[in-house]
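A.B. asks: Could you work out the structure for the sequence below:
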Amino acid sequence: MDFSQLFPSGQFLVSPEELARKAARVRAYLFDWDGVFTDGSKFADGNSLFSELDAMGTNLLRFGHWLRHAGEFPFVGIMTGEKNPSSVALAQREHFDAVYFRIKNKGEALGHLLRTYGLQAEEVAFVFDDVLDLSAAATVGLRLMVRRPAAPLLAEYVSKHQLADYATASEMHSVREVSELLLGLLGNYDETVRKRSQFTAEYDTYFATRNQRLTKLYTKEAGRIVEAIDS
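C.D. replies: Predicted structure coming up:
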């Protein structure tokens, strides 16, 4: 399968084969919020909208991982500089593992995540879009950047400093784009969609087990990262 033809407007900063090799090591999927699940716009109260197309992307990505790894769930988390009610709502609805919020230094948040969840940096895939994400992108094993025509110099900077492996074609629904790309590269997109769309017994088992997972919230208080109580 020629992924450069299937994703002709995406930018492969490493070869599809190298991207697949990196993806095969992933045990955790980490997403920035503003500019990744959203276009970066916010209401006055700090809230924003997200798309169900992207939410389905995360569902397919997790289910595909679960199928490939004999029932092992990947870590899934959101990391954002602010607390956005929609990010918490989506994470809790979809039973993500964690939301890190109001932590400006995302490299620091990533370090906490790795220690807390027993992960290695090369096992993390990070979907990001802007300057404050680069400290985390510099560390993880698989970097997927949302590319925007409005920031051509940032795209050039990221490419020059090898801070991304793929830059999306889409400004919107980029989570869905990278979810489909990774499932395709790892070879079980068709299986995942078939078993999800037909509500197979395997999907029922996955879904029931997924819904037992609890979402933890982390923030920074008095100079250290602590577990937060949702309010």
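A.B. asks: what are the ranges of the strands in this protein?
C.D. replies: Secondary structure of the chain by DSSP state E: the strands cover 11-12, 28-32, 75-80, 98-101, 124-128, 142-145, 166-167, 216-221, 224-228.
A.B. asks: ok, residues contacting the first one?
C.D. replies: Translated: strand 11-12. With CB atoms under 8 Å, 6 or more residues apart in numbering as the contact definition, strand 11-12 has outside contacts at 3-4, 19, 147, 159, 165-167, 169. Where C-beta positions appear, they are placed from N, C-alpha and C, glycine not excepted.
A.B. asks: Which one of those sits in the busiest neighbourhood?
C.D. replies: residue 166 (27 neighbours; other CB atoms under 10 Å).
A.B. asks: Mind listing the residues bridging to that residue?
C.D. replies: According to DSSP bridges, residue 12, residue 144 are recorded as the beta-bridge partners of residue 166.
A.B. asks: got the contact list for it?
C.D. replies: Taking CB under 8 Å, 6+ apart as the criterion, residue 166 is in contact with 10-14, 19, 143-145, 178, 181.
A.B. asks: Kindly reformat those as a markdown table containing distance to residue 40.
C.D. replies: What follows is those, written out as a markdown table (distance: CB to CB, whole Å):
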| residue | distance to residue 40 |
| --- | --- |
| 10 | 20 |
| 11 | 20 |
| 12 | 25 |
| 13 | 22 |
| 14 | 26 |
| 19 | 26 |
| 143 | 19 |
| 144 | 17 |
| 145 | 14 |
| 178 | 17 |
| 181 | 22 |
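A.B. asks: Tell me which of those has the lowest pLDDT.
C.D. replies: The weakest per-residue confidence within these falls on residue 10 (90).
A.B. asks: My guess is it contacts residue 177. True?
C.D. replies: Yes - because the distance of 7.2 Å satisfies CB atoms under 8 Å, residue 10 is recorded as touching residue 177.
A.B. asks: what's the overlap in contacts for the two?
C.D. replies: Contact with both residue 10 and residue 177 is made by residues 168-169, according to CB under 8 Å, 6+ apart.
A.B. asks: Of the two, which one has the most company?
C.D. replies: Comparing residue 10 with residue 177 by other CB under 10 Å, the one with more neighbours is residue 177, at 23 against 20.
A.B. asks: thought the more buried one was touching residue 183?
C.D. replies: No - between residue 177 and residue 183 there is no contact, the gap being 11.2 Å when judged by CB under 8 Å.
A.B. asks: buried residues in stretch 203-219?
C.D. replies: Neighbour-count burial for stretch 203-219 flags 203, 206, 210, 215-219 (criterion: 16 or more other CB atoms under 10 Å).
A.B. asks: So for that stretch, mean pLDDT?
C.D. replies: Across stretch 203-219, the average pLDDT comes to 97.
A.B. asks: again with stretch 66-73
C.D. replies: In this model, stretch 66-73 has a mean pLDDT of 96.
A.B. asks: The helix or strand bottoming out on mean pLDDT in the chain - contacts with which helices or strands?
C.D. replies: None of the helices or strands of the chain scores lower by mean pLDDT, DSSP states H and E than helix 3-6, at a mean of 80. Secondary structure elements in contact with helix 3-6, counted by 3 or more CB pairs under 8 Å, 6 or more residues apart in numbering; DSSP states H and E, are helix 174-186.
A.B. asks: Between helix 174-186 and the helix of greatest length in the chain, find me the angle.
C.D. replies: Looking across the chain with DSSP state H, the single longest helix is helix 52-68. Here helix 52-68 runs at 30 degrees with respect to helix 174-186, directions being taken by axes from the mean of the first three to the mean of the last three CA atoms, to 10 degrees.
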